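Peer 1: I would like the atomic coordinates for the input below:
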Amino acid sequence: MLMNLKFCSVLTALTLPFVASAADKIDFAEDIKPILESTCVTCHGPEKPKGSFRIDSRATAIKGGDDGPALVPGDPKKSPFYASTILPAGHDDIMPPKGDPLTKEQTELLRRWIEEGAAWPDDLVLKQTKRIDFVKDIQPLLEVNCLGCHREGNPKGNLRLDNKSDAFKGGDGGVAIVPRRPKKSPLYTSTVLPPDHDDLMPPSNKGGPLPKEETDLLSSWIQQGALWPDGVTLIPRKKEEIAGGDETNTVSEIHKLITSRLKVAREADMKPYAMTIPGTQVSYQMIPIRSGEFVMGSSAGEAGRKPDEGPQHKVKISPFWMGKCEVTWYEFELFMFADQERKFKDQIATDPYVDKISDAVSRPTKPYTEMSFGMGKEDFPAISMTQHSANKYCQWLSAKTGEYYRLPTEAEWEYACRAGTTTTYSFGDDPAQLGDYAWYEKNSDFQYRRVGTKKPNPWGLHDMHGNVIEWCLDQYAPNYEKFASATIQDPWVKAIKPYPHSARGGSWDDSPEKLRSSARRYSDKVWKVQDPQLPKSIWYHTDAQFLGFRVVRPLAVPAPEALFGVWNSGVQSE
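Peer 2: Purely as a prediction, here's the structure:
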């Protein structure tokens with residue numbers, strides 16, 4: 001990965017993680033801040049000051065908490081800030097209490113920093129960041145992108161990255177990793193060069209440049225000390241071998257399962273049905289939506305109309321089933337937490353073939369906070385997932401049931417919401433009637449409600465107005481100009497960038513004009529602004545507590561390549 005690099009500095013004697021020499025003064029921003037933000041602020045920030053102790057600023061750290069001062073500048077032994085990090089493993093008071101203890105290098109940095117007076121810029125406030133796990137976050141990245149050229153038997157540039165000792169020793173060009181100094185580490189700097197740069201690693205013809213979330217991981221890992229557990233040796237791997245297996249093969253197997261179990265081939269035979277997710281006691285209901293044509297968008301005279309709802313245009317829609325209600329926590333947590341699904345294993349027999357296929361679908365990482373935010377689980381709508389997460393749920397549900405599920409397109413969603421009507425809402429034009437059909441700002445008491453408790457629209461779908469806004473499959477477009485010239489069959493604006501993606505329906509927190517059948521919403525980075533992880537999660541929009549989804553099941557099952565496209569947009573990262 002680092003062949004032919006022209007390193008600006010040559011540090012040849014480095015064989016162990018870098019520790020500032022006794023002559024070097026500790027730099028708070030580079031040496032201390034990454035340690036505190038990744039291991040301490042989680043429990044001692046402004047939101048969760050355990051023991052009334054905060055360390056997000058120098059003043060709060062010196063002030064301490066219930067047990068007195070935590071930081072005594074000049075005296076490490078009297079500073080629990082440091083003393084608690086060198087307690088024996090398993091001690092009740094060791095810090096951090098979760099995860100691996102700090103390394104000797106990290107505790108030594110803390111000791112020296114305090115001894116030197118604990119300098120900390122007044123305007124530098126700490127924020128929680130993700131603590132990088134080498135085995136989980138970095139090892140797969142190096143094995144896929146670097147080991148092909150930098151391993152035993154093929155050490156290009158005399159650089160090996162397959163073991164800790166050789167990786168920190170470096171190669172002909174000098175060291176590749178300078179702990180806590182990503183900008184001085186070619187392992188990182190070579191990955192953020194322009195796509196046409198000769199020294200980009202990996203080169204553009206071998207998978208480069210890396211996605212930003214991967215280069216950010218490298219930077220954060222190095223910034224946090226480039227911790228590499230002893231005894232961990234790397235081997236070259238292909239991307240499909242890492243985390244979730246071969247996605248193309250997984251989709252192909254799901255397609256085979258679906259086509260082998262097709263029972264309804266004609267629109268005339270489509271009926272409402274209830275399905276219990278195999279191997280569980282959790283069920284959901286689907287409503288048939290007949291094919292047809294409608295006028296999408298709002299008229300110029302509709303109250304509350306926005307520019308992105310026009311121009312109006314005719315659309316033809318193929319038949320599909322749609323979820324009677326929004327996907328609930330009962331359903332989503334089976335996918336979100338594998339142990340939730342497994343709890344039924346002793347009671348309900350499952351098909352090992354189906355289990356193998358569904359288990360190959362990528363699942364969300366563990367959320368860092370309780371995702372219902374106290375509003376209720378079970379048959380309340382699942383919320384705050386990304387479009388990627390909703391897409392993967394649809395893939396997992398398809399594998400579990402042998403039926404093809406995905407998110408609705410914007411056109412399908414509006415067609416189903418209108419249910420043959422041309423009025424502002426599916427029940428008419430009068431917003432005074434919303435209370436009978438929707439949970440919204442005037443009746444929700446500031447939270448979502450159980451699905452299916454309001455009147456359905458004319459086609460039997462509940463909560464199409466209000467409760468939670470619902471993901472659609474499309475990239476959001478600012479208007480419908482590209483569809484205005486002719487009647488379009490099943491339009492879909494395929495996602496090509498992380499933001500914005502489309503959502504529909506209005507929520508418990510919205511005013512009546514946002515609940516109209518034609519009203520549009522779109523995703524924004526602010527939906528995960530409080531996410532402390534770096535990079536931001538591809539699974540959760542923690543700040544979008546008004547966001548959920550429902551599924552559709554098209555009558556026609558497309559080829560595996562098309563299935564891959566609807567379940568894997570490839571643009572889930574920021």
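Peer 1: give me the next element, helix or strand, following the lowest-mean-pLDDT helix or strand in the chain.
Peer 2: None of the helices or strands of the chain scores lower by mean pLDDT, DSSP states H and E than helix 41-44, at a mean of 78. Downstream of helix 41-44, the first helix or strand assigned by DSSP states H and E is helix 58-63.
Peer 1: ranges for the strands of the stretch 201-350 of the chain?
Peer 2: For the stretch 201-350 of the chain, strands defined by DSSP state E, counting those that start in this stretch occupy the ranges 273-276, 283-289, 292-296, 313-317, 320-323.
Peer 1: which parts of the longest one are buried?
Peer 2: By 16 or more other Cβ atoms under 10 Å, the buried positions in strand 283-289 come out as Tyr284, Met286, Ile287, Pro288, Ile289. C-beta coordinates here come from the backbone N, C-alpha and C atoms, glycine included.
Peer 1: same question for stretch 81-92.
Peer 2: Phe81, Tyr82, Ala83, Ser84, Thr85, Ile86.
Peer 1: elements contacting the helix or strand the first one falls within?
Peer 2: Phe81 is located in helix 80-83, with elements delineated by DSSP H and E. Counting by 3 or more Cβ pairs under 8 Å, 6 or more residues apart in numbering; DSSP states H and E, the packing neighbours recorded for helix 80-83 are helix 104-115.
Peer 1: for Lys136, give me phi and psi.
Peer 2: Note on Lys136: backbone dihedrals following degrees, to the nearest 10 are phi -80, psi -40.
Peer 1: got the contact list for the helix holding Phe81?
Peer 2: Ile55, Ala61, Gly64, Asp67, Ala70, Leu71, Pro76, Lys77, Thr107, Leu110, Arg111, Ile114 (Cβ atoms under 8 Å, 6 or more residues apart in numbering).
Peer 1: which one of the buried residues of strand 283-289 sits closest to Trp471?
Peer 2: Tyr284 (16.2 Å; Cβ to Cβ).
Peer 1: I figured that closest one hits Met275, correct?
Peer 2: Yes: counting by Cβ atoms under 8 Å, Met275 is a contact partner of Tyr284 at 6.0 Å.
Peer 1: got the strands of the stretch 201-350 of the chain as JSON lines, with mean pLDDT and distance to Ser38 columns?
Peer 2: Below are the strands of the stretch 201-350 of the chain laid out as JSON lines (pLDDT from 0 to 100; distance: least, Cβ to Cβ, whole Å):
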{"stretch": "strand 273-276", "mean pLDDT": "98", "distance to Ser38": "43"}
{"stretch": "strand 283-289", "mean pLDDT": "98", "distance to Ser38": "40"}
{"stretch": "strand 292-296", "mean pLDDT": "98", "distance to Ser38": "48"}
{"stretch": "strand 313-317", "mean pLDDT": "97", "distance to Ser38": "49"}
{"stretch": "strand 320-323", "mean pLDDT": "98", "distance to Ser38": "40"}
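Peer 1: winner for burial among these?
Peer 2: strand 320-323 (a mean of 25; mean count of other Cβ atoms under 10 Å).
Peer 1: who are the packing partners of that one?
Peer 2: Using 3+ Cβ pairs under 8 Å, 6+ apart: strand 320-323 touches strand 283-289, helix 410-418, strand 552-554.
Peer 1: what comes into contact with the helix or strand following the second one?
Peer 2: Next along the chain after helix 410-418, taking DSSP H and E as the criterion, comes helix 434-437. Residues outside helix 434-437 that contact it (Cβ under 8 Å, 6+ apart) are 425-427, 440, 442-443, 454-455, 457, 465-466, 512, 515.
Peer 1: so which of these comes closest to Cys146?
Peer 2: With Cβ to Cβ as the yardstick, the closest approach to Cys146 among the contacts of helix 434-437 comes from Gly466, at 50.0 Å.
Peer 1: what about Val468, neighbour count?
Peer 2: Under the neighbour criterion other Cβ atoms under 10 Å, Val468 is assigned a count of 31.
Peer 1: I figured it hits Leu547, correct?
Peer 2: Yes: Val468 is within contact range of Leu547, at 6.0 Å (criterion: Cβ under 8 Å).
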